[in-house]
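[1] Quick one: sequence plus predicted model below, questions after.
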Amino acid sequence: MTLEFPVTTSIFGPGWFGDAHFEQPGSWRLQIALVPDGMKTWEFNEAGSTAPLAGELAAKGYLSPPITFTLTQPQGEDVRACELVSERENRSGCPMQTTLARHNDLAVRILKEFPHSSYAPYLLLSEPGLSNTLDRIRMCEKAIAALGNSPVADWYRWLLAAVHDKATFDNDTPADAVKAHEKAALAIWEQLTRSKHVALRKGAAKKLKEAAESSSDVDD
């Protein structure tokens, strides 16, 4: 049996990406536990913190095969960007996601001082007020081209469609450009209906359905 666990259509991924463990370089193993109601899954260890009962879960067939992903050391401008957020939080590592959720001024500073940081696309896209529509479009397209066949590329495509879609409702968008933005968003959503990510496939199908219904209402 195959289970799919879609995450929200966000470039930041699911909430557990903000776990402090993932602020440090290293290799991490993840497993999914299917837990029936009433089953105890945690216990206190000698240090007083909680630890999962992986052995019991695995023995009963509730634990998925593990996957491993590796976090590398920041390079180039990312080093200084990470230093800024770690200084603000007064802790080691690179708590970028956690910190920027609370300190918009750091996002502005990183974009200004370290525009070539790999964090720059995330900041521009998550904080629309920091840039204009064309800047965000160029940033998305640049990231998609650089990512190639990476599974992350489709998340940027989703964001690129969102930028185009938002522009169709923006009062600052020239009238002659509205249709072009609308056409671009529809084309990207159509492409994403074939994405490997279930969340993006379903999200894109929903967007296309909404667009078709809206067009039908206008025609009526």
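    Perfect, thanks for sending it.

[2] C-alpha only now, for contacts and for neighbours.
    OK.

[3] count of neighbours near Glu77?
    Neighbour count of Glu77, defined by other CA atoms under 10 Å: 16.

[4] Any figure for the gap between the residue nearest to it when sequence neighbours are not counted and Leu63?
    Of all residues beyond its chain neighbours, the one nearest Glu77 is Ser117 (5.1 Å), with distances taken as CA to CA, 6 or more residues apart in numbering. Distance, Ser117 to Leu63, using CA to CA, to the nearest Å: 37 Å.

[5] Just give me the neighbour total for Asn90.
    10.

[6] er, Arg157 actually
    21.

[7] which residues does the closest residue in space to it that isn't next to it in sequence contact?
    With sequence-adjacent residues excluded and distances taken as CA to CA, 6+ apart, Arg157 is closest to Ile188, at 6.7 Å. Each residue near Ile188 by CA atoms under 8 Å, 6 or more residues apart in numbering is listed here: Arg157, Trp158, Ala161.

[8] cool, Val163 as well?
    Neighbours of Val163 in contact, by CA under 8 Å, 6+ apart: Thr133, Arg136, Ile137.

[9] still on that earlier bit, include secondary structure and pLDDT when you put the contacts of Ile188 into TSV, please.
    Output for the contacts of Ile188, formatted as TSV (DSSP: H, G, I helix; E, B strand; the rest coil; pLDDT from 0 to 100):
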residue	secondary structure	pLDDT
Arg157	helix	92
Trp158	helix	90
Ala161	helix	94
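
[10] Alright, calling it a day.
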